[in-house]
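Colleague: Generate a structure from the sequence data that follows.
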Amino acid sequence: MNSQFTNRFWECSAGAVAVMTALTIPLLIGFASLGVEVGHWYLGLRLMQGAADAAALSGAAQYVADQKANNTTSTDYQRVGVSYASVNGYRIPTANVCLVPTSGSDNCGTVRSLDSRPIVCKTGPCVVVEITQSTANWLSTKLSLEAGTAGHKVQAIPTPTLKARAIVRAVSQTISTTATGTDCILALANDPAAVLVHGNGDLEANCGVAIDGGRAQNASGTALGGITFNGSPSKVNISSLIVASSSTGCPGAHCFLYNPATSPLPAANIKMNTATPDPYASQVAAIFATAPPAGVQTGGVKITNAGSGYKTSTGSANGTCTFTVSGTYYVSTASSPATFAATISGGKVTAIGAVTDPGAYATFPKSPVSATSTNCSGSGATFTLTEGCFTWNGTVIAGRKYCSINLQGAGTTNFPAGTYWIAGGDSGCAGFCVSSNNATVTSAYQGVTFLLTNGDGDNSLGAGSYAAVKITSGNISLCAPGTTSIGPTCTTANFGSGCTVTNSTSCLLFAQNPAATTSTGDGNPPTTNNTFSDNGTRTLSGLIYLSKQTFAESGNGPINGCVGIIAKYFDIGGTPLFNNGCLPGNGIGGTTTTVTTWGTPTLYQ
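Modeller: Numbering: from 1, shown residues only. As a prediction, this is how the structure comes out:
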C-alpha cells in the first residue's frame, strides 16, 4: 500500500507549475525592476542635463555681465550656477561650477575628479557645470536589497553614479580701433634738451610735437625728455606738445598755438608723463634687415693666386699689367667690367695698383675670380673682389648703392622712382648733399626713398661711417612713394591729406639704418647732424627717419609736403615752417583702443 502511494505521488505532476513559478518569481521581478530602473536612470539623466545646461548658461551670462562691468576677477558666475542648479532640484557645491579662461590655467580640478571625460573648450572662456547623483539612495534601489519571504531577496539593482556636464562658451570679439596721430615731430632722446630751440629759433608746425624721452625707449629709467629754450626770442608755434618728463617749459612766453600764432598754447594741449613710442621702428628695421641691392661695384681687389709666366708687351717679366674682370653688368650700356692695374715681378702678380674701373654688377662675382690681362701675356692669376658702393658721377640709376649722392654744384637732377642706398659717404659728401642755390632737385611722381647706411668698400668712408643728409640750399622737391597723386614732380599741389601705403618703403623719404652711431659715448648729443639750412624752396613729402642722430634746422621758410620727422635730437636755430603733418599709417602719437564685445553665450557641449 505504501508502495502504491509512493508511486502515485511521484507520478503526479499537478503542482509542478506552481513550484516552478515560486522558484522563478524573484528573478522575474528583478529583471522587471531593472528594466524599470534603467528607464528611471535615463529620465534622471535628462533632468540632470537640463539643470546643468540652465546652470551653465546662467553662469556664463553672469560672467559676461561682470566682464562688461570690468569686474574681471569676479566669481559670481559660480554663485549663479549653483543657484540655478538648486532651482531645478540639484544641490551642488561651488567647485562644481568652474571657468576655462581664454588663456592660462582653469579652476576645474574638482570637476575633473568627478568626471574623467575631457573638458572640451577649444576657445575660451567657457563656464562648466557638473551635476552628479548616486542611485544608491533611490527608494527603488533600497527595496531591491531588502529581505523577501522564505529567506529570499529580490534581485539587487546596480547603483551607478549618474553624471551630467554642460559647457557654455561666452562668445567674445576683440576689436581694435586706432586713431590717427596728430604729431609730425618726434624726439627720442632721454634728455631735457631732446628738442632744443635756441637763438631766434621758431619751430612752426601745423601739427604736434612729441618727445618720448626714453619712456618707451628706456622704460626702466627715469624719463627726462623735454623741450628746452635757449634765448628769449626762441619759441614754438605748434598745435600740441607731449613730453615724457614730468615738467616742461610750456605754456609760457615761448609757447604759442599754431593758428592763431598770437595765442598761447593752451594747457589742455600739453601732456606730461606720456610716452610716444616710435611707430615706424619695425618698418624701418625690416628694410635694413634685407641685403642692399645687387647693383654694386668693386670696392677693392686682393691677390688670391699670383699665377705665372706673365710678361709685358716688351717681353719683360717685371712691370705693370692691366687686368679686366668679366661679368654681368648692372647697366651694360653705361659701364664696363672691373679693371685694375697690377705689378708683376718674376712673371707673377705681386701687388695691386689702382682700380681704374670698378665695374657694375647685377650679381656680384663670387671670389676668387679670373681676370684677363689686356697688355700682358701669362695666366693663372685669380683675385678676390671686395663689394663696394658707386662713386657719384651724376648718372642717376635707381636701385644702386652709392657711396654718396653729391649735388653740390648747379644744375638740375631728377631722380627716377625707386630706392637709392647711400653707404657711409665719401671724402666729397657725407651722404646726401645739396649746397648750391642754383641746384634743382626733383623726383618722379611715383616717389623715391633714400636709405642711409654704413660705408662699404675702399671708396667710402668705411663701415663705421653712416650716411647723413646735408642740405644747405637749393630748390628741392622730393616725394616718397605714396605721397603724390598726379603730376611729373612732387609739388604742394600733388599730394593729398596723407600717405597711402603701397610697398615696404611707402612714405619713407630719408630713412637711416637703426644701427647708426648714436652719440660720442659720453651721453652727449650725437656728433652727426643732419642739416637743413639756408632759405631754399623745399618740398619734402614723406617721413625723415633719423632715430640715432640729430635733425638740425637753421634755415627759414616753409617745408612743404606731408612731412614728418623722427630723430634722436632736434636742434632748431632757424624758423622752419612745417605746413602739413600728414604721415603714413596712423602717424605719430596715434592711439589704439581695444574693445571686447560680448555676444549671447552658446551651449558648447
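
Colleague: For Asn190, the count of nearby residues, please.
Modeller: By the measure other CB atoms under 10 Å, the count of residues near Asn190 is 23. Where you see a C-beta, it was placed from the backbone N, CA and C, and this is true even at glycine.

Colleague: hang on, I meant Leu47
Modeller: Leu47: 17 neighbours (other CB under 10 Å).

Colleague: The one 10 residues further on now?
Modeller: One way to gauge burial is a neighbour count; for Leu57, by other CB under 10 Å, it gives 21.

Colleague: do Ile270 as well
Modeller: A count of nearby residues for Ile270, using other CB under 10 Å, gives 16.

Colleague: Okay, and the beta partners of it?
Modeller: Leu241 (DSSP bridges).

Colleague: For it, give me its contacts.
Modeller: Ser240, Leu241, Ile242, Val243, Thr248, Cys250, Pro251 (CB atoms under 8 Å, 6 or more residues apart in numbering).

Colleague: Where neighbours are concerned, which of the residues you listed has the most?
Modeller: Ranking these using other CB under 10 Å puts Val243 first, with 31 neighbours.

Colleague: Surely it touches Gly225?
Modeller: Yes: Val243 is within contact range of Gly225, at 6.1 Å (criterion: CB atoms under 8 Å).

Colleague: got any residues that touch both of the two?
Modeller: Shared contacts of Val243 and Gly225, counting by CB under 8 Å, 6+ apart, come down to Ile211, Gly213.

Colleague: What is the burial count for Phe532?
Modeller: The number of residues near Phe532, taken as other CB under 10 Å, comes to 24.

Colleague: and what of Thr382?
Modeller: 15.

Colleague: Please, which helix or strand holds it?
Modeller: Using DSSP states H and E, Thr382 sits within strand 377-388.

Colleague: My guess is Asp115 contacts Thr132. True?
Modeller: Yes: with contact defined as CB under 8 Å, Asp115 counts as touching Thr132 (7.4 Å).

Colleague: for stretch 275-285, how far is the first residue from the last?
Modeller: The first and final residues of stretch 275-285 sit 21 Å from each other (CA to CA, to the nearest Å).

Colleague: Would you confirm that Ala65 belongs to a strand?
Modeller: No: Ala65 is assigned helix when assessed by DSSP: H, G, I helix; E, B strand; the rest coil, not a strand.

Colleague: ok, now how distant is it from Phe551?
Modeller: For Ala65, the distance to Phe551 (CB to CB, to the nearest Å) stands at 52 Å.

Colleague: More neighbours: which of these two?
Modeller: Remark: of Ala65 and Phe551, Phe551 carries more neighbours, 24 against 15, as counted by other CB under 10 Å.

Colleague: wait, what's in contact with that one?
Modeller: For Phe551, the contact set (CB under 8 Å, 6+ apart) comprises Asn530, Phe532, Ile544, Ile565, Ala567, Tyr569, Phe570, Asp571.

Colleague: can you rerun that using 10 Å?
Modeller: 185, 187, 195, 469, 510, 529-532, 544, 565-572, 576 (CB atoms under 10 Å, 6 or more residues apart in numbering).

Colleague: now the helices for this structure?
Modeller: Taking DSSP state H, the helices of the chain run over residues 2-11, 16-68, 76-87, 109-114, 139-144, 281-289.

Colleague: quick one, domains of this structure?
Modeller: Here the domain parsing of the chain from automatic domain parsing is 2-174, 181-276, 281-292+391-562, 297-388.
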